[in-house]
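J.: Build me a model:
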Amino acid sequence: MSSTRYTILIANRKTGAVRRLTLSRRLGLFAGLSVLALPLLVGLGSGGASQAEVDILRVANETLRLENESYREATGELTEQISSLQTALSQLGEQTELDPATRRAMENLPTVTRSKAAGGSVGSSAVVAAAVTRTAPESTFGILRDLLGSLENRLATVKSQIESQQALGRATPSAWPIVGWLTSLYGNRKDPFTGQPDFHTGLDISAQYGTPVRATADGTVESAGYSGNYGNAVVVDHGFGIGTRFGHMSRFAVGAGQKIKRGEVIGYVGATGRATSSHLHYEILLNGQPINPLRLLAR
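T.: Modelled structure (predicted):
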């Protein structure tokens with residue numbers, strides 16, 4: 001049995017020509033379905049493309065959100081570190097305060113002695129320069145890290161300088177070893193035994209026999225024993241080339257090599273050695289040479 005066939009007539013209105021297109025039933029159905037399906041396929045294709053773009057945008061947005069959160073978190077941490085360092089610098093500045101007597105004594109030390117405790121310092125302008133003078137900053141993180149590094153370096157420098165200054169303050173003999181009467185000053189005088197001109201290398205401070213003698217600065221006992229004209233004497237090394245000597249004591253309270261603090265009892269007033277009465281002979285030494293103790297003692 002022959003299949004059903006369809007004829008499609010196509011007429012030209014201007015010329016009146018007629019064309020005939022004969023199709024089998026199966027081919028006609030396929031052509032009709034194709035015509036109907038084409039718009040649907042086009043719509044589905046465009047819909048699929050739009051969804052893919054939306055998915056890409058969603059992923060990109062989520063990535064940016066995570067990066068932004070990470071950026072804020074990292075920036076906050078750096079800012080907190082900078083704030084902590086600035087606070088530490090302020091606290092160190094407060095620690096530089098010394099008691100007036102010690103500060104005055106330190107100011108009267110020779111420059112060469114003070115220079116041993118002096119350290120370089122980084123001014124605040126250097127901290128600002130770290131963030132301003134970058135010719136082409138890569139990012140805010142780079143500026144913050146540079147600023148943080150500058151603050152850390154400055155903190156280390158200031159801390160070292162303050163520690164050295166404090167150490168010099170503790171080593172400066174600014175306190176009186178005993179309370180008594182000055183019977184002989186530093187400098188030229190008549191020898192109490194011979195009456196001849198003599199140079200006195202320290203102070204003679206008269207006090208009752210057995211009065212406690214106290215260290216005038218922190219240091220290490222260099223020697224404690226009998227020493228000729230000084231009698232029972234203690235020599236203390238305070239560092240920075242500074243030393244003290246205590247003579248004519250009746251007995252000792254410390255031994256060689258012992259660490260001592262300012263105000264600690266090191267011995268007791270006596271009249272040993274070349275002495276006419278109970279008193280303390282007190283010297284301050286700079287690099288082994290005696291200086292006038294009144295330059296450093298609190299008035």
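J.: quick one: low-confidence parts of the stretch 1-150 of the chain?
T.: 1-19, 21-49, 67, 70-71, 74-75, 78, 85-86, 89-97, 116-141, 143-144 (pLDDT under 70).
J.: Strands along the stretch 51-200 of the chain, start to end?
T.: Per DSSP state E, counting those that start in this stretch, the stretch 51-200 of the chain carries strands over the ranges 181-184, 187-190, 197-200.
J.: Quick check: next helix or strand after the last one?
T.: Okay, so that is strand 197-200. Counting by DSSP states H and E, the next helix or strand C-terminal to strand 197-200 is strand 203-206.
J.: Now do that following strand: everything it contacts.
T.: Contact partners of strand 203-206, identified using C-beta atoms under 8 Å, 6 or more residues apart in numbering, comprise 176-178, 180-186, 277-283, 293-294. For glycine as for every other residue, the C-beta is placed from the backbone atoms N, C-alpha and C.
J.: mind redoing it with 7 Å?
T.: 178, 180-186, 277, 279-282, 293 (C-beta atoms under 7 Å, 6 or more residues apart in numbering).
J.: Same question for stretch 182-200.
T.: For stretch 182-200, using C-beta under 7 Å, 6+ apart, the contacting residues are 202, 203, 204, 205, 206, 276, 279, 292, 293, 294.
J.: Per the annotation, how does this protein divide into domains?
T.: For the chain, the structural domains run 5-63, 81-171, 181-295, going by automatic domain parsing.
J.: any chance of the strands of the stretch 51-200 of the chain in TSV, with mean neighbour count too?
T.: Formatted as TSV, the strands of the stretch 51-200 of the chain follow (neighbours: other C-beta atoms under 10 Å):
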stretch	mean neighbour count
strand 181-184	13
strand 187-190	11
strand 197-200	13
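J.: Redo those as TSV? Include distance to residue 235.
T.: Shown next, in TSV, are the strands of the stretch 51-200 of the chain (distance: least, C-beta to C-beta, whole Å):
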stretch	distance to residue 235
strand 181-184	20
strand 187-190	21
strand 197-200	18
